[in-house]
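S.K.: predicted coordinates and the sequence they were generated for:
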Amino acid sequence: MPATPRTPAPEHLTDRLADRDVLRRVAAEPLIGLGAGRALLMQLAHPRVALGVAEHSDFADRPLARLFGTLDFLLIVTFGTPEEVARISAKVRGIHTAVRGDGYTGNDPDLQMWVNATLIDSALHIYGHVMRPGRAEPGVAEEYYRQARVVAEVLGCPLEEQPPDLAAFRAYMDRTLAGLQVTGTAREVAAAVLWPRRLRCLAPALAVFRLLTAALLPEPLREQYGLPWSRGRRRAAGLLLRSATVAHRLVPGPLRRPPQPLLVRLASHRVDRTLSARRAHRRGS
């Protein structure tokens, strides 16, 4: 089998990707994955993102494809070499070029920034409230934000168009969340992800996924999505999250974190397969 051709990384990208120590340290923790559903539903709360997903993805047949696709891309940008990042980013930008509709395009820098912002905000939420509640290291959140901006940058959102520091980012999140209104389209996509008809064999795991997603979402969005919530569910979610905190503290880091090269290889394989399937679907439609 021929080796995958390498795409040279632009010089500025190589320089930026040399500065990922805190991004990698936080992203390597498995608990960060608890925020995946939160990030996805926050993304869908933006009407233009929800419309783009609904019109350009097969979420009904493959309800978790976007979630895992986003996480795989994030893994590659976080842990991959500059050449690997450049190659995957070029492919994703090419796919995004065909994503367009009424009021949105896949290469819109504002939407790219919002999608990445939900990932950053969710990772920092897990870091501060689950991994290290009351024990966060000074400066880690600020540095994580500074380094994580590269995810949107490699997709085409210039660094200068993103909030320059953590305080500005927090203000951007507050301002954007206050203006969002969950649409019927967003609820439809969210329901397909949270209650997938084709994954009933994973019912217990999906029940936990739904519970934690509802618990971690900002309350206004949880209410707009109409997610089930009660005192009992709040207690159950709290118990699960406290157990995750204890496990994080007790299990040594080398045992918690999977090998990074393996993560990149698996993520690259899945991203390539997903993008090939999407190109084939477009050619056949």
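M.R.: Arrived safely, thanks for sending.

S.K.: contact partners for the closest residue to P228 other than its chain neighbours?
M.R.: Nearest residue to P228, sequence neighbours excluded (C-beta to C-beta, 6 or more residues apart in numbering): A214, at 7.0 Å. No exception for glycine: its C-beta is placed from N, CA and C like everyone else's. A214 is in contact with R222, L227, P228, W229, R233, A237, counting by C-beta atoms under 8 Å, 6 or more residues apart in numbering.

S.K.: please apply the same query to G128.
M.R.: Taking C-beta under 8 Å, 6+ apart as the test, what G128 contacts is A136, A141.

S.K.: which intervals of the stretch 51-200 of the chain have sub-threshold pLDDT?
M.R.: Applying pLDDT under 70 to the stretch 51-200 of the chain flags the ranges 60, 63.

S.K.: which parts of it are strands?
M.R.: Taking DSSP state E, counting those that start in this stretch to define them, one finds strands in the stretch 51-200 of the chain at 100-101, 104-105.

S.K.: I'd like those strands laid out as TSV, including mean neighbour count and distance to A171.
M.R.: What follows is these, written out as TSV (neighbours: other C-beta atoms under 10 Å; distance: least, C-beta to C-beta, whole Å):
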stretch	mean neighbour count	distance to A171
strand 100-101	14	30
strand 104-105	17	24
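
S.K.: save those as CSV, and put in distance to A27 too.
M.R.: Below are the strands of the stretch 51-200 of the chain laid out as CSV (distance: least, C-beta to C-beta, whole Å):
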stretch, distance to A27
strand 100-101, 30
strand 104-105, 28
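
S.K.: among those strands, which is nearest A28?
M.R.: strand 104-105 (33.0 Å; C-beta to C-beta).

S.K.: what's the closest non-adjacent residue to H125?
M.R.: G35 (6.1 Å).

S.K.: part of a helix, is that neighbour?
M.R.: Yes: per DSSP: H, G, I helix; E, B strand; the rest coil, G35 lies within a helix segment.

S.K.: tell me the contacts of it?
M.R.: Applying C-beta under 8 Å, 6+ apart, the residues near G35 are S122, A123, H125, I126, L216.

S.K.: read off the pLDDT value for the residue nearest to P228.
M.R.: In this model, A214 is scored at 98, pLDDT.

S.K.: what does G284 give?
M.R.: Reported pLDDT for G284: 61.

S.K.: circling back to that earlier point, nearest to T81, of the strands of the stretch 51-200 of the chain?
M.R.: Of all the strands of the stretch 51-200 of the chain, strand 104-105 comes closest under C-beta to C-beta, at 29.1 Å.

S.K.: out of the strands of the stretch 51-200 of the chain, flag the one nearest Q43.
M.R.: Closest approach to Q43 among these is made by strand 104-105 (12.6 Å; C-beta to C-beta).

S.K.: what lines up beside that closest one in the sheet?
M.R.: strand 100-101 (antiparallel) (DSSP bridges).

S.K.: neighbouring contacts of the partner strand?
M.R.: Applying C-beta under 8 Å, 6+ apart, the contact partners of strand 100-101 are L51, G52, E55, H56, G106.

S.K.: repeat for stretch 46-66
M.R.: Against stretch 46-66 from outside (C-beta under 8 Å, 6+ apart): 40, 43-44, 98-99, 101-104, 106, 108, 111, 114-115, 176, 180-181, 183, 185-186, 188-189, 192-193, 196, 198-199, 274, 281.

S.K.: can you pull the contacts of the residue nearest the centre of the chain?
M.R.: With distances taken as C-alpha atoms, centre = their mean, L119 lies nearest the centre of the chain, 4.4 Å away. Residues near L119 by C-beta under 8 Å, 6+ apart: A39, T70, L74, A148, V151.

S.K.: how close does it get to E142?
M.R.: 17 Å (C-beta to C-beta, to the nearest Å).

S.K.: what does P30 give?
M.R.: For P30 relative to E142 (C-beta to C-beta), the value is 23 Å.

S.K.: on that earlier part again, select from the contacts of strand 100-101 the one having the most neighbours.
M.R.: Within those, neighbour counts (other C-beta atoms under 10 Å) peak at G52, which reaches 24 neighbours.

S.K.: against A167, how distant is it?
M.R.: Counting by C-beta to C-beta - G52 and A167 are separated by 30 Å.

S.K.: now do L206
M.R.: On the measure of C-beta to C-beta, L206 and A167 end up 37 Å apart.
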